[in-house]
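Novice: Turn this into a model:
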Amino acid sequence: MSARYPLEALLRPAVEWNSAVAAWSAAALCALAPSFWLLTPSVAWGSALLLALFGTWRAWQAGRILRYRRALRTASAYVLPARRLPAATAGLLLGRGFRWTGIHTQRLWEATRPEAQRLLEPSRLYRLARDLEVGRPKWQRRLAGAWNPWRPAPPVGGLPALHGVGWPEGERDLRLSAAEREGHVFVLGTTGVGKTRLAELCLVQDIRAGAPVVVFDPKGDAALFRRVRREAIRAGRDWFFFHLGYPDQSCAYNPIGRFERVSEVPTRLANALPGTGNAAAFREFAWLFAHVIARALVALGEQPTYQGVLRAMSDIDPLLVRYFEHWLEREGPADWRAAVAVDDGRRIAAHLRDRDARAIALVRYVRARDLYDPVADGLRRAWEYEKTYFDKISVAIQPLLEKLLSGPLAALLSPDPTAPVARPRLDWPTVFRRRAVVYIGTDALTDPMIAGVVNQTLLADLVAYAGHLYKHGAGYGLPGRPAGPPEALVHIDEFAEVARGPEIVQALNKGRGAGLRLQVYAQTLADLEVGFGDAARARQVVGNVSNTLVVLRVADRDTARLLTDRLEQTEITGRVLDSGATDSADPTSPVDFVSSTRERFAIQRVALLEPAQVMALPKGQAFVLSGGNQLTKLRIPLLAEPGALTSDDEGLAREMVRRQTGGAARPRPVRQAALALTPEEAP
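Specialist: Next up is the predicted model:
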């Protein structure tokens, strides 16, 4: 506490009760026995009234001391009905709290001193009420809670005094404005402290706001799915469900089907490969071959797919034949078909003897006529590599594509663009145009490598489309806002599982102008360093995403320092007790020694918040750093009124719970009629 703050004495015995009881007793005597005091009735009743008012005022002062002590000792529950949540257009509600200043640091220091612990001991009535709650059936606990004014709050752990020190000022709603969300929001918290519940709170408001909402949920949390699906139904929003763990219920998605430049296709494929050490060379060659194949497919008027790239890498001859014939038919001589000989008797290089005869003839014809096309030339150079060498170079990417196309994932991640649309297909132009809600689950607990690749390509595709909107606009605006790039609200749970490539840096750096508003959730900074494989890259991402920082309880000191190192120091005032004794050196003096005891105040500079205090937060509570260096202590509400889902959606949610708890039941297919695209919107 700085010297400018007044000294407080809130942690002390409630001595006001003594004067309150005395005043009430005197008021009773004045009212009941005025003759004892030799008072007339009017004077006696007037004195009784004044004494009763004085006693009430002193009792209120005593109650304030006791309520403050209770706030330091227990953490009250905060439940908010979901129907009372507004849309996020007026600001994103994070909860209720107070602005943390030096006076709260002073109060917290006083509350954690050893001499204060005796005052913060639970009362006998509270201990009795707590004992009544233990070991009783649920209906009895509810019945007891109806008459129990000392019913204990649910256990949330941590240090309740962290929020109790703000009780004298009271709480207010904390809302993040649209301007603050433009710099993105970073949420940190260890497992089980309310991170996903905060995501639910924010998602409900974002869905009601009307902008496109995208949810990345690598683990597949059933409660989060229920909340998102329910709010999408309630708000009448279009809905896309994409989940690798439930391919029968999922929309189809082609990760490399939409792009601004053809070079994006090999980049998305190569970014999933290691890029350090000896693997860097294989990654570059994989990019080169994928680029050649993608250019040829696009030139043929075909949409690139994982299946098409894998087929061409396994055997490039059919693609070369198809493109050369397409090119010569369009730009070649009129008699090229008759002039192309399958076997003209010339010797064939040893490494080309097992190649397709038609491909050999086409290459010879083009060389003999000195014809040139950049796509054809790239195909020819890749085709002329020795096949064993080609297989060695492309071996880095072929196993990845095989895994992505194994089992039912083939129809999910590599839909045939020429086949009829049998299931909804996820593509970002449709999502933005229809302002849809997208739930993406990648089943990271089952296969983290495949989940990481799909998450990375989804994010890269989203960033590429955001860049398209930034350059060309979207042709529409949200209600009440000018036309331009629409805001897309992207929530990424388990951030380290999703953001492993360079795309996230582009999204954070350039996403503001393109309308992307990211809100990411992580557990520790170490997770990001492991995910990126580079501490410098992790610090770069954290620096771009932590314009608004929400920190729940964290498990390591380095993560807590991300918040505390950005705060200034403050001053606190402490009492120092000095005592001493001095012996007398004069043997003739009747005084043997002189003792002295004094108490003085000392001012010292301390951190506004310590990492250990951040690590001691109760569940459902957080510190929020926003608007520069404004620190707010926050309580996050628990949403009530879960509501009901359709039978199919509820069955899917229950299946998620069963799988997470070890079950193996098979979910029923979800009806896709409500998700079907119109013919003009089909990719």
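
Novice: Tell me which residues are up against whatever helix or strand residue 163 lives in.
Specialist: Secondary structure assigned from DSSP states H and E places residue 163 in helix 161-164. If you take C-beta atoms under 8 Å, 6 or more residues apart in numbering as the criterion, helix 161-164 is touched by 68, 71-73, 75, 97, 108, 111-112, 120, 613, 616-618, 621, 633, 635. Heads up, the C-betas are built off the backbone N, CA and C, glycines and all.

Novice: let's go with 6 Å and repeat that
Specialist: The contact list for helix 161-164 (C-beta atoms under 6 Å, 6 or more residues apart in numbering) reads 71-72, 111, 621, 633.

Novice: In the residues you listed, which residue is surrounded by the most others?
Specialist: Within the contacts of helix 161-164, neighbour counts (other C-beta atoms under 10 Å) peak at residue 72, which reaches 26 neighbours.

Novice: distance of it from residue 319?
Specialist: From residue 72 over to residue 319 the distance is 72 Å, taken as C-beta to C-beta, to the nearest Å.

Novice: can you check residue 361 too?
Specialist: For residue 361, the distance to residue 319 - C-beta to C-beta - is 16 Å.

Novice: just residue 332 next, same as before
Specialist: Per C-beta to C-beta, residue 332 is found 18 Å from residue 319.

Novice: more neighbours, these two?
Specialist: Neighbours per residue (other C-beta under 10 Å) separate residue 332 from residue 319, with residue 319 holding more: 24 against 20.

Novice: State the helix or strand in which the closest residue to the more buried one other than its chain neighbours lies.
Specialist: Nearest non-adjacent residue to residue 319, counting by C-beta to C-beta, 6 or more residues apart in numbering: residue 312, 4.5 Å away. Under the criterion of DSSP H and E, residue 312 resides in helix 306-314.

Novice: Let me know the angle separating whichever helix or strand comes after that helix from helix 306-314.
Specialist: For helix 306-314, the following helix or strand on the C-terminal side (DSSP H and E) is helix 317-331. Angle of helix 317-331 versus helix 306-314, following axes from the mean of the first three to the mean of the last three C-alpha atoms, to 10 degrees, is 100 degrees.

Novice: Can I get the helix or strand following helix 317-331 in CSV? Just the C-alpha atoms.
Specialist: Per DSSP H and E, helix 317-331 leads on to helix 336-339 as the next helix or strand towards the C-terminus. In CSV, the C-alpha atoms belonging to helix 336-339 read as follows (Å, rounded to 0.1, in the frame of the first residue of the first chain):
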residue,chain,number,x,y,z
TRP,A,336,0.4,-33.8,-82.6
ARG,A,337,-1.6,-37.0,-82.0
ALA,A,338,-0.4,-38.6,-85.2
ALA,A,339,3.2,-37.4,-84.6
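
Novice: mind checking how far helix 336-339 is from the chain centre?
Specialist: 61 Å (C-alpha atoms, centre = their mean, to the nearest Å).

Novice: what do you get for stretch 328-340?
Specialist: Chain-centre distance of stretch 328-340: 58 Å, with C-alpha atoms, centre = their mean.

Novice: Going by neighbour count, which residues of that stretch are buried?
Specialist: Buried residues in stretch 328-340, counted by 16 or more other C-beta atoms under 10 Å: 328, 332, 336, 340.

Novice: Is the residue nearest to the spatial centre of the chain bridged to anything, and to what?
Specialist: The chain has residue 521 as the residue nearest its centroid, 2.6 Å off, counting by C-alpha atoms, centre = their mean. In this entry, residue 521 is beta-bridged to residue 187, by DSSP bridges.

Novice: isn't residue 105 right up against residue 569?
Specialist: No: look at residue 105 against residue 569 with C-beta atoms under 6 Å: they stay out of range, at 9.6 Å.

Novice: Comparing these two, which residue is more hemmed in?
Specialist: Shown here are residue 105 and residue 569; by other C-beta under 10 Å, residue 105 has more neighbours (24 against 10).

Novice: check contacts around that one.
Specialist: Shown in contact with residue 105 (C-beta under 6 Å, 6+ apart): 570, 608.

Novice: helix/strand/coil for it?
Specialist: helix (DSSP: H, G, I helix; E, B strand; the rest coil).

Novice: where does it sit relative to residue 530, distance-wise?
Specialist: 34 Å.

Novice: Over to residue 196?
Specialist: Applying C-beta to C-beta to residue 196 and residue 530 gives a distance of 21 Å.

Novice: Which one of those two is surrounded by more residues?
Specialist: Neighbours were counted for residue 196 and for residue 530 using other C-beta under 10 Å; residue 196 has more, 21 against 14.

Novice: check contacts around the more buried one.
Specialist: Neighbour list for residue 196: 221, 224 [criterion: C-beta under 6 Å, 6+ apart].

Novice: is it fair to say it lies in a helix?
Specialist: Yes: under the criterion used here (three-state DSSP), residue 196 sits inside a helix.

Novice: hmm, which two among the buried residues of stretch 328-340 are most spread apart?
Specialist: The span of these, defined through C-beta to C-beta, is set by 332 and 340 at 9.6 Å.

Novice: Is residue 457 in a helix, a strand, or coil?
Specialist: Assigned with three-state DSSP, residue 457 falls in the helix class.

Novice: got it, and residue 250?
Specialist: Local secondary structure at residue 250 is given as coil here, using three-state DSSP.

Novice: how close does it sit to residue 440?
Specialist: 10 Å.

Novice: Are there residues contacting both of those two? Which ones?
Specialist: When contacts are counted by C-beta under 6 Å, 6+ apart, residue 250 and residue 440 are jointly contacted by residue 242.

Novice: would you list every one of the helices in the stretch 1-150 of the chain?
Specialist: 16-32, 41-73, 102-111, 114-117, 124-133, 138-147 (DSSP state H, counting those that start in this stretch).

Novice: quick one: the second one to helix 102-111, angle?
Specialist: Pointing back at helix 41-73 there. Interaxial angle of helix 41-73 relative to helix 102-111 (the same axes, to 10 degrees): 80 degrees.

Novice: Identify each buried residue in helix 41-73, please.
Specialist: Buried residues in helix 41-73, counting neighbours by 16+ other C-beta under 10 Å, are found at 44, 47-48, 51-52, 54-55, 58-59, 62, 65, 68-73.

Novice: out of the buried residues of stretch 328-340, which one sits closest to residue 585?
Specialist: Checking the buried residues of stretch 328-340 against residue 585 by C-beta to C-beta gives residue 328 as the nearest, at 118.7 Å.

Novice: Distance check, the closest residue to the closest one other than its chain neighbours against residue 324.
Specialist: Using C-beta to C-beta, 6+ apart and skipping the chain neighbours, the partner closest in space to residue 328 is residue 336 (4.6 Å). For residue 336, the distance to residue 324 (C-beta to C-beta) stands at 10 Å.

Novice: Could you check the pLDDT of the nearest residue to residue 67 once chain neighbours are set aside?
Specialist: Spatial nearest neighbour of residue 67, excluding adjacent residues (C-beta to C-beta, 6+ apart): residue 167 at 7.0 Å. At residue 167, the pLDDT value in this model is 91.

Novice: again, but for residue 579
Specialist: pLDDT recorded at residue 579 is 78.

Novice: Same check on residue 621?
Specialist: Looking at residue 621, its pLDDT stands at 93.

Novice: How about residue 3?
Specialist: Note for residue 3: predicted pLDDT of 45.

Novice: Residue 302 now?
Specialist: We note a pLDDT of 90 for residue 302 in this prediction.
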